[in-house]
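Student: Here is a sequence together with a model predicted from it:
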Amino acid sequence: MKLTRRDGLRLAGAAAITAAAGTLPARAATVHEVQMLNQASDSNERNVFEPALLRAEVGDTIKFVPTDRGHNSKADEDMMPDGGEAWDGGINEEVEITLETPGAYGYYCTPHRGTGMVGLILVGEIDMEQYEATKEARQRGRARARYEEIFAEADELLASENS
């Protein structure tokens, strides 16, 4: 069978479309916003991230917004997956990070860590060994109690995803 030039172009076009379709992402990345606040919107708790627990997918972007002045967002390098990229935002600075490595990421506000201004991001499929190690990271002051609350909520979330 002899192929005409037109047949060759059609085949090449079909091959290009098929190849391109294999490289398209399964879903569009999402931008999640985390507010840095002096007081929680639903309680009297001071110096908080809202939400304190965030569920994201690999490739999603997290935007930390300094809604109230005097806060920042910094990755806790003892609470990150291997290969995860750390961030360190300045005070009153909006920070955007795109998380490409699945796992649990702990973070805090540098001047308010001891008062419990901490948070947790769960990205993609969670390696439970890394998650448990993240839970065991040493914390001081109100951060310890606040992380206990956040991890209790995260445990429920992960259990519901796996049921």
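Tutor: Alright, I've got the coordinates.

Student: From now on I want contacts and neighbour counts done on CA atoms only, so please keep to that.
Tutor: Will do.

Student: where along the chain do the strands fall?
Tutor: With strands called from DSSP state E, the chain shows them at 31-39, 46-50, 53-56, 61-65, 74-75, 95-98, 103-108, 118-123.

Student: Show me what the fifth one is in contact with.
Tutor: Which is strand 74-75. 86, 87, 88, 89, 105, 106, 107, 108, 109, 110 (C-alpha atoms under 8 Å, 6 or more residues apart in numbering).

Student: what's the angle from the biggest helix by length in the chain to strand 103-108?
Tutor: Using DSSP state H to define each element, the chain has its longest helix at helix 141-161. Calculated by axes from the mean of the first three to the mean of the last three C-alpha atoms, to 10 degrees, helix 141-161 forms an angle of 150 degrees with strand 103-108.

Student: Show me what helix 141-161 is packed up against.
Tutor: strand 53-56, strand 118-123 (3 or more C-alpha pairs under 8 Å, 6 or more residues apart in numbering; DSSP states H and E).

Student: Output that helix as PDB, restricted to C-alpha atoms.
Tutor: C-alpha atoms of helix 141-161 as PDB (Å, rounded to 0.1, in the frame of the first residue of the first chain):
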ATOM      1  CA  GLY A 141       4.700  26.200  73.800                       C
ATOM      2  CA  ARG A 142       1.200  26.500  72.300                       C
ATOM      3  CA  ALA A 143       2.500  25.100  69.000                       C
ATOM      4  CA  ARG A 144       2.500  21.600  70.600                       C
ATOM      5  CA  ALA A 145      -1.200  21.800  71.600                       C
ATOM      6  CA  ARG A 146      -2.200  23.500  68.300                       C
ATOM      7  CA  TYR A 147      -0.500  20.800  66.300                       C
ATOM      8  CA  GLU A 148      -2.300  18.100  68.400                       C
ATOM      9  CA  GLU A 149      -5.600  19.700  67.300                       C
ATOM     10  CA  ILE A 150      -4.500  19.900  63.600                       C
ATOM     11  CA  PHE A 151      -3.200  16.400  63.500                       C
ATOM     12  CA  ALA A 152      -6.500  15.000  65.100                       C
ATOM     13  CA  GLU A 153      -8.400  16.700  62.300                       C
ATOM     14  CA  ALA A 154      -5.900  15.500  59.700                       C
ATOM     15  CA  ASP A 155      -6.200  11.900  61.000                       C
ATOM     16  CA  GLU A 156     -10.000  12.100  60.600                       C
ATOM     17  CA  LEU A 157      -9.600  13.500  57.100                       C
ATOM     18  CA  LEU A 158      -7.100  10.800  56.000                       C
ATOM     19  CA  ALA A 159      -9.200   8.000  57.500                       C
ATOM     20  CA  SER A 160     -12.300   9.200  55.600                       C
ATOM     21  CA  GLU A 161     -10.300   9.300  52.400                       C
END
